[in-house]
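**Q** Curious how this folds, go ahead:
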Amino acid sequence: MRGLAIIFVITLAAVFMHRGVAAGPQYDVVVRGGTVYDGSGGNPIMADIAVKGDRIAAIARHVAGTGATEVDARGKAVSAGFTNMLAHPEASLSADGRGLSDLAQGVTLEVIGENSMGPLTPEMKRLKEQREGDIKFPVTWSSFSGYLEMLEKKGISPNVASFVGASTVRVNLLGEADVQPTPQQLGAMQERVKQAMEEGALGLTDALIYSPNTYAKTPELIALAKISAQCGGIYTVHIRNEDDRLKEAVQETIDIAQASGAPAEIYHFKQAGRSNWGKLDEEVAMINAARAKGVRITADMYTYTSGATGLDAAMPSWVQDGGLEKWIARLKDPAIRARVRMEMRDPHPKTWDSLYGGAGAQGTLLLAFQNPALKPYTGKTLADVAKLWKESPEDAAIDLVIKDGSRVGVAYFLMSEANVRREVALPWMSFGSDAAAPTPAGVFLLSHPHPRAYGNFARLLGTYVRQNHDLTLQDAIRRLTGFPAANLSLKDRGLLKTGYYADIVVFDPNTIGEKTTYASPHQLAVGVSDVLVNGSFALKEGRATGAHTGLAVRGRGWTGVTGGGCRASAANWSWSKG
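**A** Coordinates of the predicted model:
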């Protein structure tokens, strides 16, 4: 009888196993009963998602078996993690690796662009430390990859990727002066780009309204973009002009993409200044025409009518020749100051892109200072300070730069809400905050970030999808997930698909939204309950876990994987149609 009992128990256990009832969990996490948006733009399905290790193990109407952790997603949307297509968490992740402002919105990948944190010379490292703002951290790396390796070693919650800055390699070889490279120097710049691509850069990036970036001519950019393209990378750019010469700046980007053989992406797509709001149709038509001819052009945007940068975007580039310290020294010269003041008063300068000209003193909001004595002016407009100091707004701007010893963080109110609503619906548009990833505590409270740091993605889903119906939820999710991942040629990311990395967001489409405001920016978005990054919880039941779930995500030219490395030309790679 005892032998029969043993046989019965074994048989019963086998039956339970066959039916999916196991003694222990078969998965690390199972997300149950959510409305699953896979990132392709197709209709959602009701399904479970099972996670094993860092990958999605199964997606089915009902996943048999259990997870060590089970998430009840009934009544909620489940999607792949969101991509911040233009992020600036370079300093903020050093202070708080959680990237909380973005994490609370469902962002699982921060993509650093416009400039890069390497390669650096000893002088570049010295200046980086000297020019740091409220957040202080040692610059211990020199190479492009060294920065990413530092973040991984420190521990971060989101994944991080980066382009290599055209201006970064320019400064590496030429410094910050308004000079043009010799053929030998240009060749050395190309080698720097190739090395960064082989270390994992996603492509080449630039921001052409700022000094010293603006000193680069189109042929220089084409030469560097060709190397990036040979290494499987795209070209991303804050175009040279976003207002009066918008058409010429878009055409330059199209020309660079066509010459390189690789795609290009326009950062924070806009028409700056009221006199330029009517150019949206022409700008869209140019991009659509290029795409119809096979030139792959896409764009990204933030969902606000103001941008945020510095007072360097209010002054001509010639006065900034040589870098921050020389710029400030020149501003102290009465004759130069008078010339700068005069040029700032021209709302339509011919040789540089004036964001101040489009916004005016009342539309220039002061956000961040280094000098503690100036911090009480945070949240005031430039017009407010000019009135308090009894001087012109232009003089106030000059004095703020001199007294702060920095470019001074500001927001410029430049764009049309009607245009923003039309732009979010463009099929080739993705989204980027163009901001850091702060936490509403500690050192971050010393400045006022633009609300886009806390609300860009939640605003898209709450205001433009749910409230305005400017686009559907499945299309918005596609352009937060699968679309940017394909443009960046990321392997096994951006979709909810078996075998892909388990970057997963659970959110309530009925409540997701921003809480941040210009007056009170440090407020986390609401509506996201759970975020998994590489299969582990970075946000669980609305609370950040602090787990080091994030990794450096590298481009396909990275030599650290089989099949990586650069090729003979862009034609040797396959590219997303965008």
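
**Q** So which residues of the stretch 201-350 of the chain form strands?
**A** 203-207, 234-238, 264-266, 297-301, 306-310 (DSSP state E, counting those that start in this stretch).

**Q** residues of stretch 363-377 that come out buried?
**A** 363-370, 374-375, 377 (16 or more other CB atoms under 10 Å). Heads up, the C-betas are built off the backbone N, CA and C, glycines and all.

**Q** Could you tell me the end-to-end distance of it?
**A** From its first residue to its last, stretch 363-377 covers 15 Å (CA to CA, to the nearest Å).

**Q** related to what we said a few turns ago, kindly present the buried residues of stretch 363-377 as a markdown table, with separate columns for pLDDT and secondary structure.
**A** Formatted as a markdown table, those follow (pLDDT from 0 to 100; DSSP: H, G, I helix; E, B strand; the rest coil):
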| residue | pLDDT | secondary structure |
| --- | --- | --- |
| 363 | 97 | coil |
| 364 | 97 | strand |
| 365 | 97 | strand |
| 366 | 97 | strand |
| 367 | 96 | strand |
| 368 | 95 | strand |
| 369 | 96 | coil |
| 370 | 95 | coil |
| 374 | 97 | helix |
| 375 | 96 | helix |
| 377 | 97 | helix |
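
**Q** May I see those residues arranged in a markdown table, with distance to residue 203 as well?
**A** Converted to a markdown table, the buried residues of stretch 363-377 look like this (distance: CB to CB, whole Å):
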| residue | distance to residue 203 |
| --- | --- |
| 363 | 33 |
| 364 | 32 |
| 365 | 32 |
| 366 | 34 |
| 367 | 29 |
| 368 | 29 |
| 369 | 34 |
| 370 | 32 |
| 374 | 37 |
| 375 | 37 |
| 377 | 38 |
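
**Q** ok so, going back, residue 224 is nearest to which of the strands of the stretch 201-350 of the chain?
**A** strand 203-207 (5.5 Å; CB to CB).

**Q** Alpha carbons of the closest one, as PDB, please.
**A** The C-alpha coordinates for strand 203-207 follow below in PDB (Å, rounded to 0.1, in the frame of the first residue of the first chain):
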ATOM      1  CA  GLY A 203      25.200  58.200 -34.100                       C
ATOM      2  CA  LEU A 204      26.300  61.800 -34.500                       C
ATOM      3  CA  THR A 205      24.500  64.700 -32.800                       C
ATOM      4  CA  ASP A 206      24.800  68.500 -32.800                       C
ATOM      5  CA  ALA A 207      23.100  71.700 -31.600                       C
END
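
**Q** Show me what that strand is packed up against.
**A** strand 164-165, helix 166-174, helix 218-230, strand 234-238 (3 or more CB pairs under 8 Å, 6 or more residues apart in numbering; DSSP states H and E).

**Q** Show me what the longest one is in contact with.
**A** By CB atoms under 8 Å, 6 or more residues apart in numbering, the residues outside helix 218-230 that reach it are 164, 166, 169-170, 180-181, 186, 189-190, 193-194, 197, 201, 203-204, 206, 234-235, 252, 255-257, 259-262, 264, 566-570, 572-573.

**Q** could you give me the average pLDDT of stretch 104-123?
**A** For stretch 104-123, mean pLDDT rounds to 98.

**Q** Check stretch 241-254 too.
**A** Stretch 241-254 comes out at a mean pLDDT of 97.

**Q** hmm, back to that, now render the helices and strands packed on strand 203-207 as TSV, adding distance to residue 491.
**A** TSV is the format used below for those (distance: least, CB to CB, whole Å):
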stretch	distance to residue 491
strand 164-165	19
helix 166-174	25
helix 218-230	18
strand 234-238	15
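
**Q** how about these in a markdown table, adding mean neighbour count, distance to residue 144 and mean pLDDT?
**A** Below are those laid out as a markdown table (neighbours: other CB atoms under 10 Å; distance: least, CB to CB, whole Å; pLDDT from 0 to 100):
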| stretch | mean neighbour count | distance to residue 144 | mean pLDDT |
| --- | --- | --- | --- |
| strand 164-165 | 30 | 6 | 98 |
| helix 166-174 | 23 | 8 | 98 |
| helix 218-230 | 22 | 12 | 98 |
| strand 234-238 | 27 | 15 | 98 |
